[in-house]
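J.: structure, please.
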Amino acid sequence: SSYVCMQVFQTLIAFDYESNNAIGVIAESMPLETKLDSNITSYKYLLRKGAAFDSIHPITPADILFSFKLAIAPGIAPKGSAGYYQFIDSLIIEERKPNEITMLTHGNYFLNKYFTGDFYILPKHIYDPSGILDAYSISELRNVNLAEDSILQSLSTSFNDVKFEKNKEFIKGSGPYQIKDWQTNQRIILERKENWWGKSYQNQSTCFDQNTALIQYEIITDNATALAALKSGKIDLIKGLIAKDFKELENNTKIKTASAVKSNYDYLAYNCHHPFLKDKALRKAIAHLVNKDELVENIYYQAAEKTSSPIPSSQKSLINTTLTEYPFSMDSARHILQEENWKDSNGDGILDKVVDGNQTDFSITYVYNTNDEFRKSFGILLQNRAKSVGIDIRIDGVDWSNYLQRLRSGDFDLLYGSKGNPPIPPDLFANFHSSNANGGRNYTNYKSLKSDSLMEAIRLSNSDAERKELYMHLQAEIHQDLPVLFLVEPHETFVYSNQLEQVH
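T.: Numbers count the residues shown, from 1 in each chain. Now for the predicted structure:
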């Protein structure tokens, strides 16, 4: 569904993967930023000439304002997403400036200029023809009680009607494609818009690509079935094939392959509240049991790159390259455990120690989601290595919903996770700041006053050079404290028909 959204709907600004920069899409460019005082900043957007939903409905500032209200409206906006826009106080429209809209914001968060343009623009005449949201200010939408407001509740019910989910007559955007057919759990077909307004900008950015007449998404849940369909010519491309299958196809002359480093990192998370694992020395002992080279070669079949940072390699100028890896070393792990007075006092092969007044075995649980063979294989390797140094690691494979619940609640000792990085300057606050522990997205419950102060300083700095220096110090702190062990950046894999041109 996310791929469909990106082809049908557009935002004011977007990321161009060819230039590796954020650019204007519906807007002409990134906004004009003006500091009004120490706490208030304005962001002025000029809309592109000709930007339209269709041949008779140009995009207007009223559509932008309406779409922003949708992005924060209770009962309509996805739960939690409205929080991304809390810093936006108002949107100003002037009748004499029909292609201009200004947003007033508070605070000095360094990513404000990106988030002001990061919401889908929807046609007001389709989604709110009666102008219901016109009666609500931004402040009122943030404070209204949906259960007590029958008018807004009516709009919420209408907006969530099934016709806005799958009926092509009610799914209209300004993007290069429109829905031709949608068959639940089978396929979605998009067709190229004729006389699309963005054609004249096609040479400026990949955001304006409209090369294919039809885009058909086939929903196939099984790898073997998908490959059979590719080989028989029923489909042209598979994205995200598992690494083992991808490796086996690389030398197949009847099928083409391509790959690229994802803007993701895989990691081993430690529960920093755990009676043992709150001791970072023990976290380091476990880190020494991990062989990243083996992970890349034997589990990812070379479809991954090693990493020691939460910052993606695409932003390599911000990566602290002076950090020393925790090398794979069984002896180093044993040495740390001895230093921490873990001993096998009863000869059962498992180290033990008095913890909180009780003689306790070094026994912990590794959690992964059962539909991921990578994570299962990693857990088995780690379990075997740990056993040889006296640590008992139990492997607990759970279904995806259970996995997410345990991740978010901190109900794990060790957990294999993956984190996506948006293509904008990184903000590590949500995942590592202590204010986001205990129920937030800081799932490891990591707490460090020094790291907190560095993350806060990054958020408020308007200097690229200063932020770069702060990033270096922050990575060093996280690396030393080791709430997570950063493992690899996986590759995105593509397998496609010889009939297609080279994928790049």
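J.: mind listing what residue 418 touches?
T.: 264-267, 490 (C-beta atoms under 8 Å, 6 or more residues apart in numbering). Where C-beta positions appear, they are placed from N, C-alpha and C, glycine not excepted.
J.: and it, its phi and psi?
T.: Dihedral angles of residue 418 (phi, psi; degrees, to the nearest 10) stand at phi -140, psi 140.
J.: likewise the one 3 residues further on?
T.: With angles defined as degrees, to the nearest 10, residue 421 sits at phi -120, psi 120.
J.: what about it, how many neighbours?
T.: 19 (other C-beta atoms under 10 Å).
J.: do you know how far it is from residue 302?
T.: Distance from residue 421 to residue 302, counting by C-beta to C-beta, to the nearest Å: 22 Å.
J.: what do you get for residue 393?
T.: 26 Å.
J.: give the closest residue to residue 317 in space, chain neighbours not counted.
T.: In space, and not counting its chain neighbours, residue 317 is closest to residue 468: 7.1 Å by C-beta to C-beta, 6 or more residues apart in numbering.
J.: would you mind writing the CA trace of the helix or strand bottoming out on mean pLDDT in the chain as CSV?
T.: Ranking every helix and strand in the chain by mean pLDDT, DSSP states H and E puts helix 163-166 at the bottom, with a mean of 74. C-alpha atoms of helix 163-166 as CSV (Å, rounded to 0.1, in the frame of the first residue of the first chain):
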residue,chain,number,x,y,z
LYS,A,163,-15.2,3.6,-0.7
PHE,A,164,-12.1,5.7,0.2
GLU,A,165,-10.1,2.6,0.7
LYS,A,166,-10.6,0.8,-2.6
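J.: who does the helix or strand harbouring residue 266 pair up with?
T.: Per DSSP states H and E: residue 266 is located in strand 264-270. Strand 264-270 pairs in its sheet with strand 414-420 (antiparallel), strand 484-497 (antiparallel), by DSSP bridges.
J.: got JSON lines for those strands, with mean pLDDT and distance to residue 353 too?
T.: Output for those, formatted as JSON lines (pLDDT from 0 to 100; distance: least, C-beta to C-beta, whole Å):
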{"stretch": "strand 414-420", "mean pLDDT": "94", "distance to residue 353": "18"}
{"stretch": "strand 484-497", "mean pLDDT": "91", "distance to residue 353": "22"}
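J.: looking at the ones you listed, which is buried most?
T.: strand 484-497 (a mean of 21; mean count of other C-beta atoms under 10 Å).
J.: give me the distance from it to the chain's centre.
T.: 14 Å (C-alpha atoms, centre = their mean, to the nearest Å).
J.: name the nearest residue to residue 377, ignoring sequence neighbours.
T.: Closest to residue 377 by C-beta to C-beta, 6+ apart is residue 299, at 5.0 Å.
J.: list the contacts of the one you found.
T.: Contacts for residue 299 (C-beta under 8 Å, 6+ apart) come out as 243, 374, 377-378, 381.
J.: hang on, the earlier thing: who wins on neighbours among the contacts of residue 418?
T.: Most neighbours among the contacts of residue 418, by other C-beta under 10 Å: residue 265, with 25 neighbours.
J.: and that residue, how far from residue 414?
T.: According to C-beta to C-beta, residue 265 and residue 414 sit 17 Å apart.
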